[in-house]
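In: Below: sequence and its predicted model.
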Amino acid sequence: MSHREETLPGMRIWDILPTAFGALNWQEETEFSAILRQLMGEDKRRLCLVAIDGMGQQLLSARRGHIPFMRPYLTQAEDAWGQPVRTCVPSTTVAALSSLHTGLSPAKTGMLGYQCWDPLARRVLNLITFEGFRQPARSWCDQPTYFTRARQAGLDTLALVPPDFVGSTLSDITLRDANLKVSTELIQRCSHALQAFKQGADYVYLYWSQLDHWGHNRGWSHPRWLQELEAIDRGLSELRAQLPKDVALLITADHGMVNVTAETTIDLASCELASQIAAVSGEPRALHIHLKEQYLGKDRAGNRTRNAPKALVLVEWQKLVAGRGQIVADYREVYGDISDPNRIGDFTIFAKDNYQFVDSRFHSRGVLEMVGVHGSLTDAEMEIPLIVA
């Protein structure tokens, strides 16, 4: 099966754990493992992976004065591999964390946005909450995680997460076979990581979401966002100073972010093509449009299993989005061959610059009021750090 995303040059988010496991001799090496081993040092035998939600590479570079610990490492990955590490398409949490932990692109995991079309229930499904989803998690994504692989290799692992991760369908996908320990403060998670390594853990994963939270609610670079970034930098500095010498600390993120305004928000509910829309999914920076049946033609598009939009319909939508977005109807151009293409819309609008596309008939007030958003193809959203400290 061809996966365009997986054939692009450079390291992607799904390469991180396979590369680290290879560098530590826990499994076969990837093409990136030898360089990562040099960055970590030959004496490293264990792994601490930290994922900071929403901490894009370009955001860090723009606010480098606020991160004295991480600042010296900002160009480390680009210097080592020739280009920045990039997340997946779409550049959003459910897709990226699934790719991080399975080592697979969203085309294979089926995690194609924070909302996807559920072809069995014939409705839009929220992949953060999976509200109303009556099937086992494996029916949506049946892929082993690197916690699964670690367990099979006899490694002792731990995932440090917030309380709402326990028992969730999303965790059954992204953290399958992980031992979970919950806390609400970053300092607690760092303390739990140190304790776990003292007790002999081989691999500890630490996730922190508050930077993304403040980015969504206030915008990245808002004083409250910067305060959170500074706290993260201090916490990671203290963690690094106390980790055992044989533990490699890797710091990454799931995506970056752009700020939007009322002027850069296009509400499709009030546009001239609103009557063509049956439903929307994805997210405002990577919006899946589901058309009513009469606007679909007889031809297949890409690896779709149903009919494509009529050519004239796509022309109309291209005129509507103009320079504010990019229409993608053949998903192979961006995602590769999607395992279940019925989960995605008839085409996707990938937003450009700091635009977003919403539909107030379908989107919640919470979505409509977000300041910082992500999901599209810009470097600000796609480039992520990979710090080896």
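Out: Now that the structure is in, tell me what you want to look at. Numbering: from 1, shown residues only.

In: Need the three-state assignment for the nearest residue to residue 127 once chain neighbours are set aside.
Out: Of all residues not flanking residue 127 in the chain, residue 94 sits nearest, at 4.5 Å (Cβ to Cβ, 6 or more residues apart in numbering). For every residue, glycine as well, the C-beta is placed using N, CA and C. Following DSSP: H, G, I helix; E, B strand; the rest coil, we place residue 94 in the helix state.

In: how about the helices of the stretch 51-200 of the chain, start to end?
Out: Remark: helices assigned in the stretch 51-200 of the chain by DSSP state H, counting those that start in this stretch are 57-62, 76-81, 93-102, 106-109, 146-152, 169-174, 186-198.

In: in the next helix or strand after the last one, what's buried?
Out: Looking back up the chat, that one is helix 186-198. Using DSSP states H and E, the helix or strand that follows helix 186-198 in sequence is strand 203-208. Buried residues in strand 203-208, counted by 16 or more other Cβ atoms under 10 Å: 203-208.

In: Closest to residue 189 out of the residues you listed?
Out: residue 206 (5.2 Å; Cβ to Cβ).

In: Tell me the bridge partners for the closest one.
Out: Applying DSSP bridges to residue 206 gives these bridge partners: residue 50, residue 160.

In: so where's this structure shaky on pLDDT?
Out: 1-9, 301-305 (pLDDT under 70).

In: got the domain boundaries for it?
Out: 4-259+378-388, 265-372 (automatic domain parsing).

In: Can you tell me which of the ones you listed is most buried?
Out: Most buried of these by mean neighbour count (mean count of other Cβ atoms under 10 Å) is domain 4-259+378-388; its value is a mean of 20.

In: Give me the nearest residue to the residue nearest the centre of the chain, chain neighbours excluded.
Out: In the chain, the centroid-proximal residue (Cα atoms, centre = their mean) is residue 96; its distance is 2.4 Å. In space, and not counting its chain neighbours, residue 96 is closest to residue 254: 3.7 Å by Cβ to Cβ, 6+ apart.

In: For the stretch 251-389 of the chain, just list every one of the helices.
Out: Under DSSP H, counting those that start in this stretch, the stretch 251-389 of the chain gives helices at 311-321, 365-368, 379-382.

In: thinking again about what came up before, quick one: contacts for the residue nearest to residue 96?
Out: 13, 51, 53-54, 87, 92-93, 96-97, 100, 384 (Cβ atoms under 8 Å, 6 or more residues apart in numbering).

In: before we move on, back to that, you'd agree the residue nearest to residue 127 is up against residue 109?
Out: No. If you go by Cβ atoms under 8 Å, residue 94 and residue 109 don't touch, sitting 9.3 Å apart.

In: For the residue nearest to residue 127, give me its contacts.
Out: By Cβ under 8 Å, 6+ apart, residue 94 lies in contact with 111, 113-114, 127-128, 170, 174.

In: what are the ranges of the strands in the stretch 1-150 of the chain?
Out: For the stretch 1-150 of the chain, the strands defined by DSSP state E, counting those that start in this stretch occupy 46-52, 85-86, 115-118, 123-126.

In: TSV for these, including distance to residue 72?
Out: As requested, these are exported to TSV (distance: least, Cβ to Cβ, whole Å):
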stretch	distance to residue 72
strand 46-52	17
strand 85-86	17
strand 115-118	39
strand 123-126	40
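
In: Mind putting the contacts of residue 94 into JSON lines with distance to residue 371?
Out: Shown next, in JSON lines, are the contacts of residue 94 (distance: Cβ to Cβ, whole Å):
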{"residue": "111", "distance to residue 371": "25"}
{"residue": "113", "distance to residue 371": "20"}
{"residue": "114", "distance to residue 371": "17"}
{"residue": "127", "distance to residue 371": "22"}
{"residue": "128", "distance to residue 371": "19"}
{"residue": "170", "distance to residue 371": "24"}
{"residue": "174", "distance to residue 371": "26"}
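
In: any residues touching stretch 137-152, and which ones?
Out: Contacts to stretch 137-152, defined as Cβ under 8 Å, 6+ apart, come from residues 17-18, 21, 26-27, 98, 101-104, 108-111, 127, 130, 133, 157, 159, 169-170, 172-178, 202-203, 205.

In: That one: end-to-end distance?
Out: The stretch stretch 137-152 measures 21 Å between its terminal residues, going by Cα to Cα, to the nearest Å.

In: what separates it from the chain centre, distance-wise?
Out: Offset of stretch 137-152 from its chain centre (Cα atoms, centre = their mean, to the nearest Å): 17 Å.

In: Ok, stretch 231-241 next?
Out: The answer for stretch 231-241 is 23 Å, by Cα atoms, centre = their mean.

In: From here on, call the first residue 469.
Out: Will do, 469 is the new start, and the previous item becomes stretch 699-709.

In: ok so, going back, just so I know, which of the strands of the stretch 469-618 of the chain lies nearest residue 699?
Out: Residue 699 lies closest, by Cβ to Cβ, to one member of the strands of the stretch 469-618 of the chain: strand 514-520, at 11.0 Å.

In: ok, and what's touching the closest one?
Out: Against strand 514-520 from outside (Cβ under 8 Å, 6+ apart): 484-485, 488-489, 492, 565, 568, 661, 665, 669-676, 679, 700, 704, 707, 711-712, 714-722.

In: same check, this time on stretch 653-664
Out: Taking Cβ under 8 Å, 6+ apart as the rule, stretch 653-664 contacts 516, 626, 628, 649, 651, 672, 674, 676, 678, 699-700, 703-704, 706-707, 710-711.

In: repeat that with 10 Å
Out: Taking contacts as Cβ atoms under 10 Å, 6 or more residues apart in numbering, the residues outside stretch 653-664 that touch it are 514, 516, 518, 520, 624-626, 628-630, 647, 649-651, 669-676, 678, 696, 699-700, 702-704, 706-708, 710-712, 715, 717.
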